[in-house]
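Asks: just a sequence and a predicted model for now, questions to come.
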Amino acid sequence: MNRKWGIGGVLMVFTCWAAYGQLDPNAAPDFVRKEGKMNVLFIIADDLRTSLGCYGDPIVKSPNIDQLASKSIVFKNAFAQQALCGPSRTSFLTSRRPDTTRLFDHDSYWRVQAGNYTTLPQYLKMHGYLTLSVGKVFHPGIVSNHTDDYPYSWSIPPFHPSTQKYKNAKVCKGPDGQKHANLVCPVDVEEMREHTLPDIQSTEEAIRLLKKLKGTENPFLLAVGYHKPHIPLKYPQVLIRQSYFAAVSYMDTQVGQLLNALDEQELANNTIIIFTADHGWSLGEHGEWAKYSNFDVATRVPLMFYVPGKTAAFPHPGQRMFPFINSFTDEVRSLPPGLMKDVNVELVDLFPTLCEILKLPQPPACPPSSFHVDLCTEGNSVAYYLNPNASSRKRQRFVYSQYPRPADKPQMNSDLPLLKDIHIMGYSIRCDGYRYTEWVGYNASTFSANFSAIHAGELYLHKTDPGEDSNLYNNIAFVEVVQKLSALLKK
């Protein structure tokens, strides 16, 4: 069995479902859950920038995600709070910013370091949801207490694909005929360990769970985290030139199979679908082939919400909402882009937004200092924008990201400094028209920033410089803009 739990874990699943009151599996599926509660399918990609057809990318083939977008509200400008997997995931799953989780690397657990914060899946679990995790949802390791925050967040132990442990194995064939541990290469799936790949295993497990979940009385949250297009870029061998884009298409096929299974179980009529990523990725912009920055290309992520009956009409019995499209063999037709909302939103907004959609009690806004405050949010609900008629210009929204550095000059640990080595923090604000960043002194012992010790600054005008290549921070014509945005950061 290619799953973490084995037979004992499967028995645990059935025990847990029995405790939640399983319905007669032969009964016809109900179209509205008890008390009007809908299910949630939360899909998270890894290192995915907005390189998708629905975001206007002319090269990438992403027909299944585009199909989801065509029935969703799509946010054009959604931003992660830090361009690193662990801090970002901890941030949006707790609805707290990295300064509050006190996590900027992969070496601490927020419940120990900062406070016993309630997570999004934990909150839904408290309100009667069966919460399940497949693949990379929380970042593994110390960041999530080596358990993916089980049993706090999840009803049963999370599933991890067994083949993920081979991610750095020598499987890439070189010109010398030997196999190497390259970061980028197409592979023959049948030649891989266990004849599969991690994201394929996660899709299979998620589909298996959906089949079991069809008959449950209580609503569920199924979070599915895909490892791609994070490096190493191992993906089935295809004739696509760009390896990153090929990995996106590979991930898209997994999403398509998952959504197709949701259709087959007739769950698309009462399941909210959220699709996003933990952060973006630079493909040569600013001379970088990574994340680790405050630039748009590293912090901007895809974000879409499918809400049956709201963003799309309820499907009729037997109607296919998400038929699978194979981007490598099928003719990929143009799909409507969905209803794009041109408003700035943040991933910390996910928690309060989903609560409002599900009509659950909203977590209160966090006080200025929220350490040891179990339940609160540093985001804002953006459920207002899920109304197709809602104006994207309801109000100007300022969104924030940050990234740590050990020093002013580049060194070996510049991109991934440990907490003890952080001496500078780059705080970045994004609004309509501008991105402004201040690099200020940071004390890792007291977790405090010194905004009077400015090491450097950046200001980009998006109207004329969407790639953020021309720094206007020292341009005298923008002194007033710098002062206003600096004051907002200090708040």
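Replies: The structure has been received and is ready for your questions. Worth saying up front: this structure is predicted, and the values here are computed from it rather than measured. Numbers count the residues shown, from 1 in each chain.
Asks: where along the stretch 201-350 of the chain do the helices fall?
Replies: Along the stretch 201-350 of the chain, the segments classed as helices by DSSP state H, counting those that start in this stretch run 243-264, 296-299, 350-357.
Asks: residues contacting the helix or strand following the last one, please?
Replies: This points to helix 350-357. Using DSSP states H and E, the helix or strand that follows helix 350-357 in sequence is strand 399-405. Identification of contacts with strand 399-405 by Cβ atoms under 8 Å, 6 or more residues apart in numbering yields 77, 79-84, 97-99, 104-105, 292-294, 299, 344-346, 414, 417, 422-431, 439, 442, 489. Any C-beta I mention is one placed from the backbone N, CA and C, and that applies to glycine too.
Asks: next step: those residues restricted to strands.
Replies: In this view, the contacts of strand 399-405 that belong to strands under DSSP state E are 77, 79, 344-346, 424-431, 439, 442.
Asks: picking up where we left off before, most packed of the helices of the stretch 201-350 of the chain?
Replies: Of all those, helix 296-299 has the most neighbours on average by mean count of other Cβ atoms under 10 Å, namely a mean of 25.
Asks: helices and strands around it, which ones?
Replies: Counting by 3 or more Cβ pairs under 8 Å, 6 or more residues apart in numbering; DSSP states H and E, the packing neighbours recorded for helix 296-299 are strand 424-431.
Asks: that older thread, ok, the ones in strands among the contacts of strand 399-405 vs residue 327, which is closest?
Replies: Relative to residue 327, the closest of the ones in strands among the contacts of strand 399-405 is residue 77; by Cβ to Cβ it sits at 25.7 Å.
Asks: where does pLDDT dip in the protein?
Replies: Along the chain, segments meeting pLDDT under 70 span 1-36, 171, 180-185, 188, 190-192, 231-239, 241-242, 392-395.
Asks: what residues go with each domain of it?
Replies: Using automatic domain parsing, the domain parsing of the chain gives 6-390, 398-491.
Asks: which helix or which strand is home to the residue nearest to residue 152 when sequence neighbours are not counted?
Replies: Excluding the flanking residues, the one nearest residue 152 by Cβ to Cβ, 6 or more residues apart in numbering is residue 122, at 5.1 Å. Assigned by DSSP H and E, residue 122 belongs to helix 120-126.
Asks: buried stuff in that helix?
Replies: Neighbour counts over helix 120-126 (16 or more other Cβ atoms under 10 Å) mark 120, 121, 122, 123, 124, 125 as buried.
Asks: quick check, nearest of these to residue 245?
Replies: Using Cβ to Cβ, the buried residues of helix 120-126 come closest to residue 245 at residue 120, 30.4 Å.
Asks: hmm, that closest one is touching residue 354, no?
Replies: Yes - with contact defined as Cβ atoms under 8 Å, residue 120 counts as touching residue 354 (6.8 Å).
Asks: who does whatever helix or strand residue 67 lives in touch, helix- and strand-wise?
Replies: Assigned by DSSP H and E, residue 67 belongs to helix 63-69. Helix 63-69 makes packing contacts with helix 243-264, strand 271-277, strand 300-306 when contacts are defined by 3+ Cβ pairs under 8 Å, 6+ apart.
Asks: just the C-alpha atoms of that helix, please, in CSV.
Replies: The C-alpha trace of helix 63-69 is given here as CSV (Å, rounded to 0.1, in the frame of the first residue of the first chain):
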residue,chain,number,x,y,z
PRO,A,63,-6.8,23.5,-18.6
ASN,A,64,-8.2,21.9,-15.4
ILE,A,65,-7.3,24.9,-13.2
ASP,A,66,-8.6,27.2,-15.9
GLN,A,67,-11.8,25.2,-15.9
LEU,A,68,-12.1,25.6,-12.2
ALA,A,69,-11.4,29.4,-12.6
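Asks: now do it: distance to the chain's middle.
Replies: Taking Cα atoms, centre = their mean, to the nearest Å, one finds helix 63-69 lying 16 Å from the centre of the chain it belongs to.
Asks: tell me the buried residues in stretch 189-206?
Replies: Result for stretch 189-206 [16+ other Cβ under 10 Å]: buried residues 192, 196, 197, 198, 199, 200, 201, 202, 203, 204, 205, 206.
Asks: just to revisit the earlier point, can you tell me what sits against the helix holding residue 67?
Replies: 52-54, 252-253, 255-256, 259, 273, 275, 302, 304, 306, 322-325, 327, 330, 332-333, 335, 337-338.
Asks: just the buried subset of those, please.
Replies: For these, buried by 16+ other Cβ under 10 Å: 52-54, 252-253, 255-256, 259, 273, 275, 302, 304, 306, 322, 324-325, 327, 332, 335, 337-338.
Asks: may I have the phi/psi pair for residue 93?
Replies: phi -80, psi -20 (degrees, to the nearest 10).
Asks: check residue 457 too.
Replies: Dihedral angles (degrees, to the nearest 10) for residue 457: phi -140, psi 160.
Asks: repeat for the one 5 residues further on
Replies: When read as degrees, to the nearest 10, the backbone of residue 462 gives phi -70, psi -20.
Asks: hmm, residue 469 and it touching each other?
Replies: No - taking contacts as Cβ under 8 Å, residue 462 lies outside contact range of residue 469: 11.3 Å.
Asks: who has more neighbours, these two?
Replies: residue 462 (16 against 10; other Cβ atoms under 10 Å).
Asks: residues in contact with that one?
Replies: By Cβ under 8 Å, 6+ apart, the neighbours of residue 462 are 433, 434, 435, 468.
Asks: between those residues, which sits nearest residue 89?
Replies: Using Cβ to Cβ, the contacts of residue 462 come closest to residue 89 at residue 435, 22.9 Å.
Asks: burial count for the closest residue to the closest one other than its chain neighbours?
Replies: Spatially, and ignoring its direct neighbours in sequence, residue 435 is nearest to residue 460 (4.7 Å; Cβ to Cβ, 6+ apart). Other residues lying near residue 460 total 22 when counted by other Cβ under 10 Å.
Asks: I'd assumed residue 460 was in a strand, is it?
Replies: Yes - membership of residue 460 in a strand is supported by DSSP: H, G, I helix; E, B strand; the rest coil.
Asks: tell me who's in contact with it.
Replies: 434, 435, 436, 468, 469, 470, 471, 472.
Asks: excluding its backbone neighbours, what's nearest residue 288?
Replies: Nearest to residue 288 is residue 282, by Cβ to Cβ, 6+ apart, at 4.0 Å.
Asks: report the contact partners of the one you found.
Replies: 288, 289, 290, 291, 293, 295, 297, 298.
Asks: quick check: the two most widely separated of these?
Replies: 289 and 295, at 13.0 Å, using Cβ to Cβ across the contacts of residue 282.
Asks: between the two, point out the one with more neighbours.
Replies: Neighbours around residue 289 and residue 295, counted as other Cβ under 10 Å, are more numerous at residue 295. The numbers are 25 against 11.
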